[in-house]
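[1] using only what follows, build the 3D model:
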Amino acid sequence: MIERSLPTQIITPKERVIGAHRLSRVLAALMHFARTKPLGALGGFFVVLVLFLAIFAEAVAPYDYNKRNLRSRLKPPSLSNYMGTDSLGRDVFSRIVYGARVSVSVGFGGIGLGTLLATMIGITSGYFGGRFDILFQRVVDAWQAFPWLVILLSIMAIFQPGLLTLILGIGILSAASNSRIIRSATLAIKENQYVEASRAIGAGHFRIILIYILPNVFAPIIIVATIGLGFAILAESALSFLGFGVPPPYPSWGEMLSGTARTYMDRAPWLAVWPGVAISVAVFGFNMLGDALRDVLDPRLRGR
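    Next up is the predicted model:
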């Protein structure tokens, strides 16, 4: 019986040259971005760091986030506990690392849902206009009139507090303000001649939105999503600080700031310092990266 070997893919020298050329172009673009937007590059580094900690938390954290050792409670930072221990003897550094997973999950999940809703509302409202646009914008105005913390607390009070509820609340909250930006971009794009030409040859509304409107508003969508990630992390920390976040014992940066951190502030200040630093670094990273992407992707700001 003759065995047939599977055909192997052979990479030609030409394909290697093309791949190396593409890699060099990507590296050159990253170096140019780092030179022209140093704060944006620093923010991107912090974002990558937070994502790395969230994905590889088990490998980075030296201890389990809920491992208790009452003999080592309230120990200052040392070689065995890089950021000290809390009132139950749990390693603060390990809890900071695992807390990044909550912040990243809530941030990307909430902003992803909010951006999807904002894109649907903004494009349809700006494209169709008329009474449809007026109705949607009055609803958005009423939604934005309420303080964001009151809305989130109401959602968390109605539903059971948890990760999915946080994502739902932040997503609904961020959709209102972001839809205004996407609507403004849609109003400017739909007046272009190529949209009128496609409508003249019989293209339907769905085809025009999918092929001509959506690709041209993709840059504002990326910008509002990146900037909104910092707000989402800050909102999750505020809710966790008030006790409406992810239920214990899973760590959250906002939850670590409340409770024992306030009780032992004078005796163990590292309990409040390190979670505050983590929140500041994450919010700073996403905000600076979002501002840099706005300058790069916005045609009106490229010349600066």
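[2] show me the contact partners of the helix or strand where V50 lies.
    Element membership for V50, per DSSP states H and E: helix 38-55. Applying Cβ atoms under 8 Å, 6 or more residues apart in numbering, the external contacts of helix 38-55 come out as 33-34, 60, 97, 100-101, 103-105, 281-282, 284-293, 295. From N, CA and C alone the C-beta is placed, and that goes for glycine too.
[3] extract the C-alpha trace of stretch 37-56 and format it as CSV.
    Taking C-alpha atoms only, stretch 37-56 is exported to CSV below (Å, rounded to 0.1, in the frame of the first residue of the first chain):
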residue,chain,number,x,y,z
LYS,A,37,4.0,61.1,18.8
PRO,A,38,6.1,60.2,21.8
LEU,A,39,3.2,60.5,24.3
GLY,A,40,1.1,58.3,22.0
ALA,A,41,3.9,55.7,21.9
LEU,A,42,4.2,55.8,25.7
GLY,A,43,0.5,55.3,25.9
GLY,A,44,0.7,52.4,23.5
PHE,A,45,3.4,50.8,25.6
PHE,A,46,1.2,51.1,28.7
VAL,A,47,-1.8,49.6,26.8
VAL,A,48,0.3,46.6,25.6
LEU,A,49,1.6,46.2,29.2
VAL,A,50,-2.0,46.1,30.6
LEU,A,51,-3.1,43.7,27.9
PHE,A,52,-0.1,41.4,28.6
LEU,A,53,-0.9,41.3,32.3
ALA,A,54,-4.5,40.5,31.6
ILE,A,55,-3.8,37.7,29.2
PHE,A,56,-0.9,36.1,31.0
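[4] pLDDT of that stretch, averaged?
    On average, the pLDDT along stretch 37-56 is 90.
[5] same deal with stretch 116-134?
    88.
[6] how far does the helix or strand following the helix holding V50 sit from the chain's center?
    Using DSSP H and E, the helix or strand that directly follows helix 38-55 along the chain is helix 57-60. Using Cα atoms, centre = their mean, to the nearest Å, the distance from the centre of helix 57-60 to the centre of the chain it belongs to is 21 Å.
[7] stretch 25-37 now?
    22 Å.
[8] what comes into contact with that stretch?
    Counting by Cβ under 8 Å, 6+ apart, 40-41, 292, 295-296 sit against stretch 25-37.
[9] show me what counts as buried in it.
    Buried residues in stretch 25-37, counting neighbours by 16 or more other Cβ atoms under 10 Å, are found at 33, 37.
[10] before we move on, back to that, restricted to helices, list the contacts of helix 38-55.
    Among the contacts of helix 38-55, the residues falling in helices (DSSP state H) are 33-34, 60, 97, 100-101, 103-105, 281-282, 284-293, 295.
[11] returning to what we had before: just the buried positions in the helix holding V50, please.
    Buried, per 16+ other Cβ under 10 Å, within helix 38-55: 40-44, 46-47, 50, 53-54.
[12] in a markdown table: these, plus distance to I170.
    Shown next, in a markdown table, are those (distance: Cβ to Cβ, whole Å):
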| residue | distance to I170 |
| --- | --- |
| G40 | 24 |
| A41 | 27 |
| L42 | 25 |
| G43 | 20 |
| G44 | 22 |
| F46 | 20 |
| V47 | 18 |
| V50 | 17 |
| L53 | 20 |
| A54 | 17 |
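[13] one step back: please indicate which of the contacts of helix 38-55 are buried?
    By 16+ other Cβ under 10 Å, these give 33, 97, 100-101, 103-105, 282, 284-293, 295 as buried.
[14] can you classify Y250 as helix, strand or coil?
    Here Y250 is recorded as coil under DSSP: H, G, I helix; E, B strand; the rest coil.
[15] please tell me I have it right and it contacts S103.
    No - using Cβ atoms under 8 Å, Y250 is not in contact with S103, being 12.0 Å away.
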